[in-house]
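Asks: what's the 3D shape of this:
(one chain, ligands or ions: 1)
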Amino acid sequence: MPTRSDTKANVKSTTLVNIPTTILVFDSGLGGLTVLREVVRARDDAHYLYVADDAFFPYGHHSEEEIVSRVVPLIGELISAHRPDLVVIACNTASTLVMPHLRERYSVPFVGTVPAIKPACAASQTKRVSVLGTKGTVQREYTRGLIRDFAQGCEVTLVGSAELAALAETALSGGTVSDEAILAELEPCFVGAGEDTSKRTDTIVLACTHYPLLLDRLNRLAPWPVDWIDPAPAIARRVVNLLGEPAGDNSGSAARMIFTSGREHRLNAALVPFFGGRVPA
Ligand code: DGL
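Replies: Numbering: from 1, shown residues only. Next up, the predicted model:
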């Protein structure tokens, strides 16, 4: 079966029509917008399709088997329907499980999102790092393997949050989220409260793409200042490595948002900056 890139090359050689690159960004909900925002900055010329599997949200509450059997065929359907040039799985809870299955089954290039344990441990001065993710992500064998391979002498504390992704969705959608609710999820990340500043946690991996949506509040509520590691810029660099630098201006590029629940996308001004100013259809 011809790939989209073959088709594009044929069209270019015969009619010189320039078809923009299409990038599909996928998450369980709105968290993947924090990855989309960086990818859009890096490839402003591309078409974007953002898919939120809200019908199955939150992924953190599902078993490994449920996530694999949900995500792998769903991505296949999206590839057939939209023919993306690249797919970003902007979800740690899914990426820590499904990437080998997706790569085995579909030929389109994939970029996953996994906990940034290696750079966090390399940057930590106190050698105390916490990984804040969904309960699913922190339990994964994949995550444990990253710690075994890349902790670099750091003590790594895994903190599985049951509620923070949903709280981030509520906040982005304009709902009220109390400081207490956020702090209850955050506090276990801060290890060494009674100790001197050279020993306590100084670096926290944001191992769920929803959490950077709350970054201002995380900073304000943190018992002491820490570095938050958000993988989105590294994901955007990987996309550019695979697809190349932007191929011209963004005048023809567009954006679309799909919810698997079938609910109508109600455009909310809060979403537009994530799409680089585009108004998603
Ligand atoms: N945004 C997802 C992640 O990065 C998970 C949120 C959920 O539990 O669905 O892990």
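Asks: Up against the ligand, what does this structure have?
Replies: By Cβ under 6 Å from any ligand atom, the residues of the chain that approach the ligand are 27-29, 31, 57-60, 91-93, 134, 137, 165, 208-210. The way it works is simple: take the backbone N, C-alpha and C, and place the C-beta from them, glycine included.
Asks: Which of the residues you listed fall within helices?
Replies: Within the residues of the chain next to the ligand, residues falling in helices by DSSP state H are 92-93, 137, 165.
Asks: which of those residues tops the neighbour count?
Replies: residue 92 (34 neighbours; other Cβ atoms under 10 Å).
Asks: That residue and residue 161: what is the separation?
Replies: 12 Å (Cβ to Cβ, to the nearest Å).
Asks: and if you look at residue 146?
Replies: According to Cβ to Cβ, residue 146 stands 18 Å off from residue 161.
Asks: out of these two, which sits in the more crowded spot?
Replies: Between residue 146 and residue 161, counting by other Cβ under 10 Å, residue 161 is the more crowded of the two (25 against 21).
Asks: Could you say which helix or strand holds the residue nearest to that one when sequence neighbours are not counted?
Replies: Sequence neighbours aside, residue 185 is the residue nearest to residue 161 in space, at 4.3 Å (criterion: Cβ to Cβ, 6 or more residues apart in numbering). Residue 185 belongs to helix 179-186 when elements are defined using DSSP states H and E.
Asks: then that helix to PDB, C-alphas only?
Replies: C-alpha atoms of helix 179-186 as PDB (Å, rounded to 0.1, in the frame of the first residue of the first chain):
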ATOM      1  CA  ASP A 179      -5.000  24.300  46.400                       C
ATOM      2  CA  GLU A 180      -5.600  21.600  49.000                       C
ATOM      3  CA  ALA A 181      -6.600  19.100  46.300                       C
ATOM      4  CA  ILE A 182      -3.400  19.800  44.300                       C
ATOM      5  CA  LEU A 183      -1.100  19.800  47.300                       C
ATOM      6  CA  ALA A 184      -2.400  16.400  48.500                       C
ATOM      7  CA  GLU A 185      -1.200  14.900  45.200                       C
ATOM      8  CA  LEU A 186       2.100  16.800  45.200                       C
END
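Asks: Right, I'll leave it there.
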